[in-house]
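Colleague: have a look; sequence and predicted model below, questions after that.
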Amino acid sequence: MNKEKIKITGIDLYYGDFQALKNINMILPQNKITAFIGPSGCGKTTLLKSLNRMNDLISDCRISGEILLDGQNIYENIDVNLLRKRVGMVFQKPNLFPMSIYDNVAYGPRTHGIRSKVMLDEIVEKSLVRAVIWDEVKDRIKKSALSLSGGQQQRICIARALAVEPEVLLMDEPTSALDPVSTSKIEELVLELKNDYTIIIVTHNMQQAVRVSDKTAFFLLGEIVEYRDTESIFSMPEDKRTEDYITGRFG
Amino acid sequence: MMRSRFDTQLEQLNTELIRMGTLIESSIYSAVKALINQDKEQARKAILADQEVDQKEKDIESLCLKLLLQQQPVAGDLRLISAAMKMITDMERIGDQAADISEIAIYLADDPYVKKLETIPQMAQETINMVSDSIDAFVRRDLDLAESVIAADDIVDDLFVTVKNDLITLIHENADTGSQAMDLLMIAKYFERIGDHATNIAEWVKFSITGKHKEVML
C-alpha cells in the first residue's frame, strides 16, 4: 500500500578498517516518518548520510550494496548535486550561512540556476511559510540569520532545505540543541511535512520517536536489530536488546 | 546499574501491590468469619479496614503517576505501570464488596441461620485464592497462574448458582425464610462479583506480560 521511496539492500560501509554498517536491508516508505534510534556510534547517522551520499566527502569511506531512490541506484550514474536536491538534510545544530535570512533560503535555488527575483521571492516566502517561521521573520528577512534564536535558526534550516523542493528530508537529531517549545514546534512541523515528503529522523529522544514517527529502526553496533511500526516497537519490542535500550538499561 | 532508581521504584510498586492484596484478602476473610460466627465486632473491624484499602489505592495511584512523570516509561515498564493502575481499581472494588458483606453480616447476626452456611464459605475461599494468585502472577510475571485465576471464575460462578438454587428451595419449603434468604443471596452475589474483579486483575496481569488485553493488542 505504501510506496517504497528508498530501498536499501545489503549495505556494508567501512571507515578504513572499521565496519560501521553491516548488511543493512530496509525499505523506507513514502510520506512516512521513519525514526533511527540507538546508542551513539551504532551507525544511525552513517546510514542517514549514505542516503544522499554525504559520506562521499569522507576519504577512507567505502560502501557496498545498493540504495535505490524511486528504483534508481544512487551510487551509479547519478548527478550527486541532483541527488542532494532530491534528498535534503537538516543537521543537529543549526548551520546557517553568515548572511541574511533571505539569502540563506535562496541559496539552494540560486545554486540550481534560478535568477529571477520574482521567483526567488516566491520560493523564499513559500519555504518560510512551510517551515512555520514566516510570521516571525517576514519583517526582517534581509537581516542576518544568525541573529535569530536557535529554534528559529533550525526552522530556517528546514526552510532552506525545502527551498529546493526535495522529496526526502533527512534530519539528524534536529531538536537536540533546542528548548522544549522550539522542539515541539519542529515536531509539529515534521508531522505536517510528511504529507509532502518522506522523512527520516535520527533521534536520541525516545519520546520524540514515539510522538512523530510511523516506523522505528533500532540500530546496534552497525546492525538493525529491529525495524517495525513505532507503536509496536515501543509497546512490545520483539528483541530483548531493543527493550533494554528503550527502557534505559544500556546505551 | 544504569537505572537503579527506577528499578527500586518498580520494586516498591510490587511491594505496595502485595500489601494491598494482603489487605483485601484479609477483608474477605474477616467478612466471611464474621458472617459464619455472627460476630458483629469482627464485621465492624472488616468495614473499618476498607479505609486502609482506599488509602492504599490512592498511594499506589500516586506512585504510578510519579513513575509516569519521572521515567516516561516505554515497553515492558509502561505495560507494568499501566496494568498496576488498572488493577488497583478492581482491588479497591473488592475491598468495598468485602465491607458490604460485613454490613449484611451485622444485620444477620441477631437471628440463627435457617440453614448451615456451606457454599458461601467455599465461595470466600475460592475468591481469596483468586485474589492472592492474581497478585502473585503480577509480581512473578506468571502467565499460567494468571490464566488459572481466569479459569477459576467459572467455579465461583457455579457456586453462586448452587447458593441461588438452595435458597429458592428453602423459600419453597418455608416462606418465612424469605428475608434471610434474600440477604444471603446478596452476599453470594458480592462474592461472585469479587471473582469477576479478580478475573479483571488477572486480565491486566496478562496484558503486562503479553501486551494483549483480552486477546486484543493495546
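Modeller: Arrived safely.
Colleague: switch to C-alpha atoms for all contacts and neighbour counts from now on
Modeller: Noted.
Colleague: what's the burial count for the residue nearest to A:Ser100 when sequence neighbours are not counted?
Modeller: Residue nearest to A:Ser100 in three dimensions, not counting chain neighbours: A:Ser144, with 4.1 Å by Cα to Cα, 6 or more residues apart in numbering or on different chains. Look at A:Ser144: counted by other Cα atoms under 10 Å in any protein chain shown, it has 17 neighbours.
Colleague: so A:Ser235 makes contact with B:Leu80?
Modeller: No - using Cα atoms under 8 Å, A:Ser235 makes no contact with B:Leu80, being 10.8 Å away.
Colleague: compare neighbour counts for these two and give me the winner.
Modeller: The residue with more neighbours, out of A:Ser235 and B:Leu80, is B:Leu80; 25 against 21, by other Cα under 10 Å.
Colleague: which non-adjacent residue is nearest the more buried one?
Modeller: B:Leu80's closest residue in space is B:Ser208 (Cα to Cα, 6+ apart), at 5.0 Å.
Colleague: that neighbour and B:Met85, how far apart?
Modeller: Between B:Ser208 and B:Met85 the computed distance is 11 Å (Cα to Cα, to the nearest Å).
Colleague: try B:Leu13
Modeller: In terms of Cα to Cα, B:Leu13 sits 10 Å off from B:Met85.
Colleague: thinking again about what came up before, quick one, phi/psi of the residue nearest to A:Ser100?
Modeller: Here is the backbone geometry of A:Ser144 (degrees, to the nearest 10): phi -60, psi 130.
Colleague: tell me the pLDDT at it?
Modeller: A:Ser144 carries a pLDDT value of 96.
Colleague: could you verify my assumption that it touches A:Asn104?
Modeller: No - the criterion here is Cα under 8 Å, and A:Ser144 misses it with A:Asn104 at 9.3 Å.
Colleague: leaving out chain neighbours, which residue sits closest to the single nearest residue of chain B relative to chain A?
Modeller: Closest residue of chain B to chain A, Cα to the nearest Cα: B:Ala75 (4.2 Å). In this structure, B:Ala75 finds its nearest non-sequential neighbour in A:Ser235, 4.2 Å apart by Cα to Cα, 6+ apart.
Colleague: quick one: low-confidence parts of the chain?
Modeller: Using chain A here. A:1, A:251 (pLDDT under 70).
Colleague: meant chain B actually
Modeller: Looking along chain B with the criterion set at pLDDT under 70, you get B:1-2.
Colleague: just the helices in it please.
Modeller: Counting by DSSP state H, residue ranges of the helices within chain B are B:4-37, B:40-71, B:75-108, B:119-140, B:143-173, B:178-210.
Colleague: the inter-axis angle of the fifth one versus helix B:119-140?
Modeller: What that stands for is helix B:143-173. Helix B:143-173 runs at 170 degrees relative to helix B:119-140, counting by axes from the mean of the first three to the mean of the last three Cα atoms, to 10 degrees.
Colleague: list the helices and strands helix B:143-173 packs on?
Modeller: Packed against helix B:143-173, as judged by 3 or more Cα pairs under 8 Å, 6 or more residues apart in numbering or on different chains; DSSP states H and E, are the following elements: helix B:119-140, helix B:178-210.
Colleague: so between B:Leu13 and B:Met85, which is more surrounded?
Modeller: For B:Leu13 versus B:Met85, neighbours defined as other Cα under 10 Å are more numerous around B:Leu13 (22 against 19).
Colleague: how much space separates the spatially most central residue of chain B from B:Ile150?
Modeller: Centre of chain B computed as the mean C-alpha position; nearest residue by Cα atoms, centre = their mean is B:Ile94, 4.1 Å away. As judged by Cα to Cα, B:Ile94 and B:Ile150 stand 16 Å apart.
Colleague: for A:Ser232, same thing?
Modeller: 26 Å.
Colleague: comparing the two, which residue is more hemmed in?
Modeller: B:Ile150 (21 against 17).
Colleague: wait, what's in contact with that one?
Modeller: B:198-199, B:202-203 (Cα atoms under 8 Å, 6 or more residues apart in numbering or on different chains).
Colleague: that older thread, hey, what's in contact with both of B:Leu13 and B:Met85?
Modeller: Common neighbours of B:Leu13 and B:Met85 (Cα under 8 Å, 6+ apart) are B:60, B:64.
Colleague: hang on, A:Ile200 in a helix?
Modeller: No - under DSSP: H, G, I helix; E, B strand; the rest coil, A:Ile200 sits outside any helix and is assigned strand.
Colleague: give me the neighbour count for the closest residue to B:Asp96 other than its chain neighbours.
Modeller: In space, and not counting its chain neighbours, B:Asp96 is closest to B:Asp50: 6.5 Å by Cα to Cα, 6+ apart. Residue crowding around B:Asp50 was assessed by other Cα under 10 Å; the count is 23.
Colleague: quick check: B:Asp50 touching B:Ala99?
Modeller: Yes - applying Cα under 8 Å, one finds B:Asp50 in contact with B:Ala99, separated by 6.5 Å.
Colleague: between the two, what contacts are shared?
Modeller: B:Ser27.
Colleague: near chain B, which residues of the stretch 101-250 of chain A show up?
Modeller: Selection of the stretch 101-250 of chain A residues close to chain B by Cα under 8 Å from any Cα of the partner chain yields A:207, A:233-237, A:243, A:246-250.
Colleague: out of those, which are buried?
Modeller: The neighbour count (16 or more other Cα atoms under 10 Å in any protein chain shown) marks A:233-237, A:243, A:246-248 as buried among those.
Colleague: chain B: which of those is nearest?
Modeller: A:Ser235 (4.2 Å).
Colleague: straight-line length of stretch A:56-65, end to end?
Modeller: 15 Å.
Colleague: and the contacts of that stretch?
Modeller: With contact meaning Cα under 8 Å, 6+ apart, stretch A:56-65 is reached by A:8-16, A:55.
Colleague: who wins for neighbours among the residues you listed?
Modeller: A:Leu13 (25 neighbours).
Colleague: next up, the contacts around it.
Modeller: With Cα under 8 Å, 6+ apart, A:Leu13 has these contacts: A:19-22, A:61-64.
Colleague: just the element for it, please.
Modeller: Using DSSP states H and E, A:Leu13 falls within strand A:4-15.
Colleague: likewise A:Ser40?
Modeller: A:Ser40 belongs to no helix or strand, assigned by DSSP H and E.
Colleague: now for it, how many residues are close by?
Modeller: Neighbours of A:Ser40 (other Cα under 10 Å): 13.
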